[in-house]
Structures are given as structure tokens and as C-alpha cells.
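Engineer: Predicted model and sequence below, questions to follow.
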Amino acid sequence: MKRLGSIEAGGTKFICAVSDENLNIIAKTRISTTLPQKTMQQIFQFFSKNKPDAIGIGCFGPIGIDKQNDNYGEILATPKSGWVNYPFLHEVKQKLKVPIFWTTDVNAAAFGEYRLGAGKGHKNIVYWTVGTGIGAGAISSGRLLNGMSHTEMGHLLIARNQYDHVQCICDYHSDCLESLASGPAIERRAGIKAENLPKNSKFWDLEAYYLAQACVNISMILSPEKIIFGGGVSNQEQLFPKIRYEYCHMIGHYLEVPPLDEFIVHAKLGNDAGTMGCLLLAREKLELKP
């Protein structure tokens, strides 16, 4: 029986896991994201005790995914101190010497939801994570959607509400989705953390306004069968009726989509989406049948 490994590399924490071929978890650990030398040492210690036959890595980005480019396997222009241009994939390959599937953290979570979660049974889905940052992964015709690079849908440019005067928090763009709808943007606007906001706060209406715009844009471009939201901010159940209402108003019945309560939905795998996606991708690397 082969063992599958998972590295879900986030800006705050790394979740490492090992499972059997049937995705039953054998071992799992949480490692704080500090500087590469310390973090990677703990990762290698975990896998030295729990040796996998293949690993799926879902990494915070942006990352190099073009095998023809010199930066393939590197973490690129991240704001995370110490990790810029870090050769993540090379280091793991050198140390563990197993086949590795390399992608972004949101792609891995999207793949998990596609195979086992809210996207199961569909070939075209988009998965958004809304939390400290915003990112998205897409499955198109049953495959992860990549081009010259991976998608960066969290930085879609969004029309700012005329009554919203929050200072932009993105270092790269003015009025992108992340700068207007991430957890830190909500906190800066409301003066308290998103999880502490009352459910009837007017700021949830504004949040829904921005997320609905993202859904409309993605509907027009990728025509997904399902739009799935995960991440800490998305755990607010009162948000979904608001997003659907705004979406219906914005799109103006221009596109034919499923009933909105089936089309714009919450992730089913919760915090396990990334880990399960990585394990599934490791299994794909070994070409093992489910």
C-alpha cells in the first residue's frame, strides 16, 4: 500500500499530512510559517518519521509553475519575509526524493472540493478562499486551470462602492478584490475583526457587494457550474443570501445559471480542502486509481 504526502503551505502555517491510498490520514502536523530554514527543518523531520511515496504541495504564491522557466518551483514576489525566490520544490525534491505535484494552495483546495466536496460531480468549478487574503483556483473540463502562470483571481479589479472609503491594503493594486473584501479590509473598515462583526452589520452587505462582483466576472469568463467559497470570512452563513441577491441584480439574467442557492455555495471540506486536495494530487502523480 502506497503512502501519500501533503504539504499545504500557507503564509501563517504549514499543514503536513500522510495518508494511505484511500486518503485515510495516518499522521498530521501543524507548523508555524517562520523563516525557511526553521520551517523546512520541521517539515523534513515530520516526513522522515512518516515517509510518503509521493507528495502534493499546495503553496502560497505567487509561485513559478512553468517548467521551462528558471523560476519553476520557486516562491516568487510574496510579502512573506524570507521566502521571496525561495526554491521550495527543489529543496523538497532534494531531501525527500519522491514524485511531487506542485501547485498553489488555492488550486489544491479547489481540487479537493472538486473531487470530494461541493464541486463533486461537476467538471467546471471555481473555488474562492476569503480570509487574510483572497485567492481562487479553477477546475476547467476536469483539469486545474493554468496558463503562462497560475491564476491570481484575488487581484481582480473591482468597482468600489461610492460610500466605501477604506484605505487600500494591497501593495500592488488599487481597488482589487483582496484590497476591498479580505479580512484585513473588513477590519480596517469596521474597526473590529470580521468574526466579531454582528451578523446584521451593514458591512456584510458591502462584503457581499464585492464578492458578487467577483462571481459575475468569473461567470462571464469561465462559465463555471459551481462557485464555492471557503476561508474564514466565508464562514458567515448570512453572507451567502446577500451574495446571491447582489449577483442576481448585477448579472441581470444575462447568463443561464443553476438556482443560485445551488450555484454559489459554501465549501463542504472546510479547513481540510487543501490537505485533501494535496493528497489527491499526490495520488494522481502515482497514477493510482481511487
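Structural biologist: Nice, thanks for sending it over.
Engineer: From here on, just use CA atoms for contacts and neighbour counts.
Structural biologist: Noted.
Engineer: Name the nearest residue to the spatially most central residue of the chain, ignoring sequence neighbours.
Structural biologist: Closest to where the C-alpha atoms of the chain average out (Cα atoms, centre = their mean) is V106, at 2.2 Å. Residue nearest to V106 in three dimensions, not counting chain neighbours: G137, with 5.1 Å by Cα to Cα, 6 or more residues apart in numbering.
Engineer: you'd agree the one you found is up against L145?
Structural biologist: Yes - if you go by Cα atoms under 8 Å, G137 and L145 touch, sitting 7.4 Å apart.
Engineer: ok, the two, which is more surrounded?
Structural biologist: For G137 versus L145, neighbours defined as other Cα atoms under 10 Å are more numerous around G137 (27 against 17).
Engineer: Common neighbours of G137 and L145, please.
Structural biologist: With contacts defined as Cα atoms under 8 Å, 6 or more residues apart in numbering, the residues adjacent to both G137 and L145 are T151.
Engineer: got the residue ranges for the strands in the protein?
Structural biologist: Using DSSP state E, the strands of the chain run over residues 3-9, 13-20, 25-32, 54-59, 100-104, 125-130, 134-140, 143-144, 226-230, 264-266.
Engineer: Check which helices and strands the second one sits against.
Structural biologist: Using 3 or more Cα pairs under 8 Å, 6 or more residues apart in numbering; DSSP states H and E as the contact criterion, the neighbours of strand 13-20 among helices and strands are strand 3-9, strand 25-32, helix 273-285.
Engineer: rewinding a little: quick check: the residue nearest to the centre of the chain vs L255, distance?
Structural biologist: Taking Cα to Cα, to the nearest Å as the measure, V106 falls 26 Å from L255.
Engineer: now the helix or strand of the chain with the lowest mean pLDDT: how far from the chain's centre is it?
Structural biologist: Sorting the helices and strands of the chain by mean pLDDT, DSSP states H and E puts strand 143-144 at the bottom, at a mean of 92. Per Cα atoms, centre = their mean, to the nearest Å, the displacement of strand 143-144 from the mean C-alpha position of its chain is 14 Å.
Engineer: helices or strands next to that strand in the packing?
Structural biologist: Under the contact definition 3+ Cα pairs under 8 Å, 6+ apart, strand 143-144 sits against no other helix or strand.
Engineer: Contacts for it, please.
Structural biologist: N107, F111, G137, A138.
Engineer: what does stretch 115-122 give?
Structural biologist: Against stretch 115-122 from outside (Cα under 8 Å, 6+ apart): 113-114, 125, 142, 225-226, 228, 265-269, 273.
Engineer: Which one of those residues is nearest to K51?
Structural biologist: Nearest to K51 out of the contacts of stretch 115-122 is A273 (Cα to Cα; 21.9 Å).
Engineer: can I get the helices and strands packed on strand 13-20 in CSV with mean neighbour count and distance to Y163?
Structural biologist: Formatted as CSV, the helices and strands packed on strand 13-20 follow (neighbours: other Cα atoms under 10 Å; distance: least, Cα to Cα, whole Å):
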stretch, mean neighbour count, distance to Y163
strand 3-9, 27, 37
strand 25-32, 15, 38
helix 273-285, 27, 35
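Engineer: Out of those, flag the one nearest T132.
Structural biologist: Of all the helices and strands packed on strand 13-20, the one in closest proximity to T132, counting by Cα to Cα, is strand 3-9 (14.4 Å).
Engineer: CA atoms only for that closest one, dumped as CSV, please.
Structural biologist: C-alpha atoms of strand 3-9 as CSV (Å, rounded to 0.1, in the frame of the first residue of the first chain):
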residue,chain,number,x,y,z
ARG,A,3,1.5,6.3,1.2
LEU,A,4,0.5,9.8,0.1
GLY,A,5,2.0,13.0,1.4
SER,A,6,0.6,16.5,1.6
ILE,A,7,2.2,19.9,2.2
GLU,A,8,-0.3,22.8,2.5
ALA,A,9,2.0,25.8,2.7
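Engineer: Which neighbouring elements make contact with it?
Structural biologist: With contacts taken as 3+ Cα pairs under 8 Å, 6+ apart, strand 3-9 sits against strand 13-20, strand 54-59, helix 273-285.
Engineer: Figure out which of the ones you listed is closest to M220.
Structural biologist: Nearest of the helices and strands packed on strand 3-9 (Cα to Cα): helix 273-285, 25.6 Å.
Engineer: Report how many residues lie close to V18.
Structural biologist: 27.
Engineer: which stretches of the stretch 151-290 of the chain aren't confidently modelled?
Structural biologist: 288-290 (pLDDT under 70).
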